[in-house]
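Visitor: Take this sequence and fold it.
(chains A and B)
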Amino acid sequence: GNSVTQMEGPVTLSEEAFLTINCTYTATGYPSLFWYVQYPGEGLQLLLKATKADDKGSNKGFEATYRKETTSFHLEKGSVQVSDSAVYFCALSRTDKLIFGTGTRLQVFP
Amino acid sequence: GAVVSQHPSWVICKSGTSVKIECRSLDFQATTMFWYRQFPKQSLMLMATSNEGSKATYEQGVEKDKFLINHASLTLSTLTVTSAHPEDSSFYICSARVRLAGGKDTQYFGPGTRLTVL
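Guide: Numbers count the residues shown, from 1 in each chain, chains lettered A, B, ... in the order given. Reported below is the predicted structural model:
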């Protein structure tokens, strides 16, 4: 079946550090891949997405590349800020249904 | 971006009672809304797909008689947890799908409702 695996958190970083949150998936066919972010007290927001192999999604300094050969969609940011502290969810979609990973909490300290 | 609200944001109820959770799209119409459930440190699990004016489609393993879903208008879907038990305690999240130009669509999520059943 379709599933998403992402690294457990929390990930704790100092401001301006480099961020990587790993995400791998299992799916039949060619899913679309997403990263969602959930700030405290708010709903999930789409951060970025990629719909086919080798696509790179990017937004707010975050990037993720759809790697079909490794079935991965790792999230990266070159320099994190305190305001990036949130829970990040990797997800895939084959139809109109989203399948989520368990979420990774990121804590950034000044 | 589009806003989806949920009410209440948290609720505590006694075992055996029913609880209704509302999901509203505030500035757009949504023909399709989704209901998810999230356990601590686990992923969001899709419970059902709610289509305006028709019966909801439930995922395998979700009891439709326990989790009643009504999508009476293009801006409101409700989830009623009937005869709630402590194991129903969870975080319930809704989302509303918007169809964008070019046939693509996206989902906007509500902030979630924390249900605690005593």
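Visitor: got the contact list for residue 51?
Guide: Let's take chain A. A:32, A:33, A:66 (C-beta atoms under 8 Å, 6 or more residues apart in numbering or on different chains). Using the backbone N, CA and C atoms, a C-beta is placed for each residue, glycine as well.
Visitor: Sorry, I should have been clearer: chain B.
Guide: Contacts for residue B:51 (C-beta under 8 Å, 6+ apart) come out as B:31, B:32, B:57, B:71.
Visitor: of these, closest to residue A:91?
Guide: residue B:32 (16.9 Å; C-beta to C-beta).
Visitor: Name the nearest residue to that closest one, sequence neighbours excluded.
Guide: Excluding the flanking residues, the one nearest residue B:32 by C-beta to C-beta, 6 or more residues apart in numbering or on different chains is residue B:97, at 4.3 Å.
Visitor: residues in chain B within reach of chain A, list them.
Guide: By C-beta under 8 Å from any C-beta of the partner chain, the residues of chain B that approach chain A are B:1, B:4, B:6, B:32, B:34, B:41-44, B:46, B:49, B:93, B:95, B:97, B:105-112.
Visitor: Could you confirm whether the lowest-mean-pLDDT helix or strand in chain A reaches chain B?
Guide: When the helices and strands of chain A are compared on mean pLDDT, DSSP states H and E, strand A:98-100 comes out lowest with a mean of 92. Yes: counting by C-beta under 8 Å from any C-beta, chain B is contacted by strand A:98-100 at A:98, A:99, A:100.
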